[in-house]
Structures are given as C-alpha cells and as structure tokens.
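Build me a structure from this.
(4 chains)
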4 protein chains.
Amino acid sequence: MSATARIEVKFNECDPMGIMWHGNYIKYFEEGREAFGKAWHFDFMDIYNKGFSVPIVNVNCDYKKPLTYRDVALVETIYRKTPAAKIIFDYVIRKESNHELICKGSTTQVFVHRDNMKLSLVIPDFFAEWMAQKKAK
Amino acid sequence: MSATARIEVKFNECDPMGIMWHGNYIKYFEEGREAFGKAWHFDFMDIYNKGFSVPIVNVNCDYKKPLTYRDVALVETIYRKTPAAKIIFDYVIRKESNHELICKGSTTQVFVHRDNMKLSLVIPDFFAEWMAQKKAK
Amino acid sequence: MSATARIEVKFNECDPMGIMWHGNYIKYFEEGREAFGKAWHFDFMDIYNKGFSVPIVNVNCDYKKPLTYRDVALVETIYRKTPAAKIIFDYVIRKESNHELICKGSTTQVFVHRDNMKLSLVIPDFFAEWMAQKKAK
Amino acid sequence: MSATARIEVKFNECDPMGIMWHGNYIKYFEEGREAFGKAWHFDFMDIYNKGFSVPIVNVNCDYKKPLTYRDVALVETIYRKTPAAKIIFDYVIRKESNHELICKGSTTQVFVHRDNMKLSLVIPDFFAEWMAQKKAK
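So this is what the prediction gives:
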C-alpha cells in the first residue's frame, strides 16, 4: 500500500545554500501521509474521533541529494506492515524531472487513548478491521 | 509602553538570496508581542480565560533593509493608544550591531467573544482596567 | 491580469486555536505570485538574470475569516497597474468549498540593480516591454 | 564536549493538538548546533571558507513527551567522537521547569569539497587540528 504526493519546492523552503532546508522534508512526509490517507481511506481525524491520538514517536531521514527551488518532489509514502501497535510509514522522495533519489525516511506513530493519554499496547479494533479490509483486496 | 525582544537570525529563516525571508518577520512580531506581554503583565492567555480571543485582523510591514544569518534583531513593540475596541501594536526592528532600521510594521487585533464568536464592539471591562492601571503609573 | 493558486491547508500550518496561523498567509501570497508567473510568463528568475532583484518592500494583509486544516484556499493574485517602478500584486483568498472571503492583501516589490544594490527609479526596459506585450493582447 | 541552548516554545510552533509540531524539533537541533559552535569555537562558516560544505545526511529523532506553548526547552548538543569523516551530534531536549526528557535525536554531517561537490572520505586537516586541540584541553 502506497501513495505518491507531488510537491513543488517553494522559494521560502530553500536556504542560503540554495537548496531546500533539510528540516522541511518533515513537512513533505506529512503531506505524503495526507496523500496516503486520501488514497486508502485512512483518516487521521477518524482515528481521533474513535478516541485515539497517534503521536509521532520517531522520525528518521537519510538525505541523498538536494532539491532546489522549483524542483518537483514525488513523495512516495509506503505503509510498513508490523504486528506491533504502531503505524509506520516509509518515504521515498524522488525528483520528478529525472527520478533521482532525494531522500528516504520513516515515521513511527503509536496509539494513545485520548481519555487517559495512555499508550495502547494493542492494535485498536477499528484499525485491525481497516487492515483486514485492505488485505482482502 | 513598549518592550524590546532580542532575536538572532537563524540559518533556516534565510532564503536563497542569503537574507531573512520576508515572511519570517511576522514571527518576529509575535515574539515582540510576547516580550511586551511579559514586560507589561499583559497575558494573551488571560484574555482567553476571560472569554475572549483576540484574532489578528491586519498585519502590515514595510521592509527597509535585510537581515542576514546571525544578525541580531531588536524588535521594539509599542502599544498604540486607540479609543477603538482594538489592540494595535507597532513594531520597529533594528539591527543590534549598528542600529540600522530594518523594518517597521503593525498588527491589529480585535476582541471576539469566545462563546458566540461575535466581535466585541466595546473594549471589555478587564481590558479597560488594565489600560487605566497603566496610565496611572 | 490575474491567476489563481489552489492550496490545501496543512496540519503543520495550523496553530493551537485550530486555525491557520496568520503568518502563513504570506507563504500563500508567494505561492500566488508563482502561479501568476507561470500563467503570464513572468519569471522572477528572468528578472534576476537581467540584473535586477525585486525585493518585497511592503506586505499588507486584512484577515476576514480563518482557514482550518484541510480547507482548500483559492489564492487569486492580481497585477495592479502602476506608473511607478514597482511591482504590486493584490491577493484575494477565498475558501473553495463556499467561496467565503478569507483575506485580502498586497505586496509591493521594487527593482534593485544587482551590481550596485541601488534602487531603480525607472521601470527597467525589459519589464516595460513585458507590460506592453500584455496590454496588446 | 557539549553545549546547551535555551529556547522558549512559540505560539506559531504549536499545532492544533496544542503541542509543538514534531517537525519543529529539527529547528531546535539547528539552534543547538549554533550554541555548540559558539561554546567550542566551531564555526560552520569557517568550514565553508576552508572550502567545504557539511550537508546533513541523516536526522533522527525519538519523541518522548510533548512541549507546549511557552515551555522552555533545554537543548543539549553533544559532539559524538567518531573516526569517520563525519560530524555527528546527539541532542537531548528537556523541559526546563521539571527536567523531563522531551526527545533525543542526532544529526550526521559529511564533508563535501565545495569546488567539485565530491564527498571527502578523510577528515580535512583543519578539522583534525580542531579536534586535537580540544582533546588536549
């Protein structure tokens, strides 16, 4: 399961070296998750309304090549299967013009019960159902 | 009534021209308001707890000279007296090293009742009291 | 002459009030200028290569209604005719879903000779030509 | 070798969950590196002037607890010794009020020759000297 977001690099995202400032890739990962959610009917607001929040507990990013102003980034967001009560996404960002690999990264989210702010050690039912539906396809 | 915040320009705030990206001054204005609030016991959270929010309805900024990475900005935030039910701040940003004028700006905030989200056409009592106290000094 | 950019409000652009932080509209104006440039073959990099930079000397924004996470903003960017050696854009941002007016703003840019960083008091020839071409259409 | 930066969380850094948006920690890491540079006379501009750039090739961050508006973060930035031609910093962010652990992270930078943009596989002389000086103390 994956989805790809297409993002044009803005002037205000670039630094004095003329390249996209490295911290901005975290925004692109977030935009990648949004695209994934739309493609796979996986809505973070639904999770929230079901009584959970899914805070990010890890971000990792390996930078290979820079992006510059007006480059178009293709942010592929891939759902990583895991038996743990976690949501892990892998990201592969390529430059649209030549498909050069720009960076690879991942984010890990956990399920927290909104009522008591405690970590859920098991996968919530509604999420297990969502996964089962997807596997069936 | 005024207060001055001292802010060092960060690498990630500068653009490919090597200068602070113009939109980041709005962040400096916000940091200026925070400094004003601390100096004059004017707490936006208090306003909120008293049942009002004070959304910004206008921002204006005149840019005179650029700031570059590692420059230190002195953000003077000045309360502008007005009979209207508004909070208006003027900002004068100078470079610490040579006191050169960098920019001048202003923000206008209005009082909105949090319960019905309606604009308050009169100055709320608690705010009139705060002003009266300041004048007395 | 105008062009419209379509921008979806990101989670990371919204503040603890649940609305888009007011400073982020300056980014939307920049994205509006990019869309205008594409539509009207008005390239800021061309201006730069012709020996000029066009720094922003004024930003103004009147906020009418907030945008929230996932709202889609339509940023209309309108070229304002002026005999002065300036580039002035007006912006009208509306919410796509109901065409509600969100904010109105403007930016003013001047022409600066890159070789000596001096302000150009006259409209550079290449820019006058671009304008003449557009009027002819 | 370490240094600590003290940073107050700004309103515009917080998200609709009321906590600092996770991507902003990358800015805090950068501010931590600046503080380290000042404390240990380790200047990224010097490196640049010696003919190298030191791009970030990896960022990693483990989030433990959130920061909220007006919390003060203490960003401890620790130089990690390595025989590789890399600059690795570890970061430990704590909340000033109660010294609670907020997050742990790291950044890895490599040396790139600015003239040909090639990776340096050995530690540049000037940098080896800087390290030797520090060890001697």
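
List the buried residues for stretch A:53-68?
A:53-61, A:63, A:66-67 (16 or more other CB atoms under 10 Å in any protein chain shown). Using the backbone N, CA and C atoms, a C-beta is placed for each residue, glycine as well.

and chain D, which of those residues contact it?
The subset of the buried residues of stretch A:53-68 lying close to chain D, counting by CB under 8 Å from any CB of the partner chain, consists of A:53, A:55-61, A:63, A:66.

Can you give me the pLDDT of the residue nearest the centre of chain A?
By CA atoms, centre = their mean, chain A has its centre lying nearest to residue A:33, at 3.7 Å. In this model, residue A:33 is scored at 97, pLDDT.

Could you list the contact residues of chain A toward chain D?
Counting by CB under 8 Å from any CB, chain A sits next to chain D at A:17, A:22-23, A:26-27, A:30, A:53, A:55-64, A:66.

hang on, the residue nearest to the centre of chain A in a helix?
Yes - counting by DSSP: H, G, I helix; E, B strand; the rest coil, residue A:33 is found in a helix.

Assess the claim that it and residue A:77 are in contact.
Yes - between residue A:33 and residue A:77 there is a contact at 6.0 Å, judged by CB atoms under 8 Å.

Could you pull out the strands in chain A for me?
For chain A, strands defined by DSSP state E occupy the ranges A:2-8, A:52-53, A:56-63, A:72-80, A:86-95, A:101-110, A:112-113.

nearest to residue B:118, of the ones you listed?
Relative to residue B:118, the nearest member of those by CB to CB is strand A:52-53, separated by 31.3 Å.

and that closest one, what's its mean pLDDT?
93.

For residue D:85, which of the strands of chain A is the nearest?
Between the strands of chain A, strand A:56-63 lies closest to residue D:85; by CB to CB that is 16.3 Å.

The closest one near chain B at all?
No - interface with chain B: strand A:56-63 contributes nothing (CB under 8 Å from any CB), its closest point being 14.8 Å away.

Partner strands of that strand and their direction?
Its sheet considered, strand A:56-63 pairs with strand A:101-110 (antiparallel), strand D:56-63 (antiparallel) by DSSP bridges.

what's the first one in contact with?
Right, strand A:101-110. A:25, A:29, A:33, A:54-67, A:73, A:80, A:85-95, A:119-120 (CB atoms under 8 Å, 6 or more residues apart in numbering or on different chains).

Just the buried positions in the helix or strand of chain A with the lowest mean pLDDT, please.
Every helix and strand of chain A was ranked by mean pLDDT, DSSP states H and E. The lowest is helix A:125-136, at a mean of 82. Residues A:127, A:130 are the ones in helix A:125-136 that count as buried (16+ other CB under 10 Å).

what's in contact with that helix?
A:1, A:40, A:42, A:47, A:50, A:111, A:123.

hmm, back to that, joint contacts of residue A:33 and residue A:77?
residue A:89.

Quick check: phi and psi on the residue of chain A positioned farthest from its centre?
What lies farthest from the middle of chain A is residue A:16; by CA atoms, centre = their mean that is 27.0 Å. Backbone geometry at residue A:16, expressed as degrees, to the nearest 10, gives phi -60, psi -20.

quick one, what contacts it?
B:11, B:14-16, B:18, B:69.

Apply 10 Å and report the result again.
Listed by CB atoms under 10 Å, 6 or more residues apart in numbering or on different chains, the contact partners of residue A:16 are B:11-19, B:68-69.

Quick check: of those, which lies closest to chain C?
residue B:17 (7.0 Å; CB to the nearest CB).

Next, count neighbours for that closest one.
17 (other CB atoms under 10 Å in any protein chain shown).

any low-confidence regions in chain A?
A:135-137 (pLDDT under 70).

What residues does chain A have near chain C?
Within chain A, the positions near chain C by CB under 10 Å from any CB of the partner chain are A:8, A:10-13, A:26-27, A:30-31, A:33-34, A:44-45, A:69-70.

Just those residues: which are in helices?
Of the residues of chain A next to chain C, the ones assigned to helices by DSSP state H are A:26-27, A:30-31, A:33-34, A:44-45.

Whichever of those count as buried, I'd like them selected in PyMOL; how would that read?
Typed into PyMOL, the line below selects the buried ones among these, using 16+ other CB under 10 Å:
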select buried, chain A and resi 26+27+30+31+33+34+44
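
Enumerate the residues of chain A near chain B.
Residues of chain A lying close to chain B by CB under 10 Å from any CB are A:11-19, A:21-24, A:68-69.

swap the cut-off to 7 Å and go again
For chain A, the contact set with chain B under CB under 7 Å from any CB of the partner chain comprises A:11-12, A:14-16, A:18, A:21, A:23, A:69.

Buried subset of the residues you listed as a PyMOL selection?
In PyMOL syntax, the buried subset of those is picked out as below (16+ other CB under 10 Å):
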select buried, chain A and resi 11+12+14+15+16+21+23+69
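
what sits against the residue nearest to residue A:105 when sequence neighbours are not counted?
In this structure, residue A:105 finds its nearest non-sequential neighbour in residue A:61, 3.8 Å apart by CB to CB, 6 or more residues apart in numbering or on different chains. By CB atoms under 7 Å, 6 or more residues apart in numbering or on different chains, the residues touching residue A:61 are A:25, A:103, A:105, D:58-59.

Which member of those is positioned nearest chain C?
Of all the contacts of residue A:61, residue A:25 has the smallest distance to chain C: 12.3 Å, by CB to the nearest CB.

how about the closest one, what does it touch?
If you count contacts by CB under 7 Å, 6+ apart, then residue A:25 has A:61, A:93, A:103, A:105 around it.

just residue A:120 next, same as before
So residue A:120 contacts A:52, A:85, A:111-113 (CB under 7 Å, 6+ apart).

again, only using 10 Å
A:51-52, A:54, A:85-86, A:110-113, A:127.

same deal with residue A:53?
Per CB under 10 Å, 6+ apart, neighbours of residue A:53: A:44, A:47, A:109-114, A:117, D:17, D:19.

swap in residue A:78?
Neighbours of residue A:78 in contact, by CB under 10 Å, 6+ apart: A:1-4, A:32, A:36, A:88-92, A:106.

Which of those are buried? Put it as a ChimeraX command.
Here is the ChimeraX command that picks out the buried ones among those, judged by 16+ other CB under 10 Å:
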select /A:1,2,3,4,32,36,89,90,91,92,106
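
Quick check: the farthest pair among the contacts of residue A:78?
A:4 and A:88 (17.9 Å).

Going by distance to chain D, which of the residues of chain A next to chain B wins?
Nearest member of the residues of chain A next to chain B to chain D, counting by CB to the nearest CB, is residue A:23, at 3.5 Å.

Please list all residues in contact with the closest residue to that closest one other than its chain neighbours.
Distance criterion CB to CB, 6+ apart; nearest residue to residue A:23, sequence neighbours excluded, is residue D:26 at 3.5 Å. Residue D:26 makes contacts with A:21-26, A:59, A:61, B:12, D:56, D:59, D:61, D:105, D:107, as judged by CB under 10 Å, 6+ apart.

farthest-separated two in the ones next to chain D among the buried residues of stretch A:53-68?
Pairwise across these, and taking CB to CB, the largest span is found between A:53 and A:66, at 33.7 Å.

So residue A:89 sits against residue A:36, correct?
Yes - between residue A:89 and residue A:36 a contact is recorded at 6.9 Å, counting by CB atoms under 10 Å.

quick one: common contacting residues for those two?
A:1-2, A:77-79.

Tell me the one of those nearest chain B?
residue A:77 (24.0 Å).

distance of the closest one from chain D?
15 Å (CB to the nearest CB, to the nearest Å).

swap in residue A:72?
Counting by CB to the nearest CB, the gap from residue A:72 to chain D is 21 Å.

Setting aside sequence neighbours, what's the nearest residue to that residue?
residue A:96 (3.9 Å).

And for the one you found, the neighbour number?
13.

who's residue A:119 bridged to?
residue A:112.

these two touch, right, residue A:8 and residue A:72?
Yes - under the criterion of CB under 10 Å, residue A:8 makes contact with residue A:72 at 5.2 Å.

overlap in contacts of those two?
residue A:96.

Much appreciated, bye for now.
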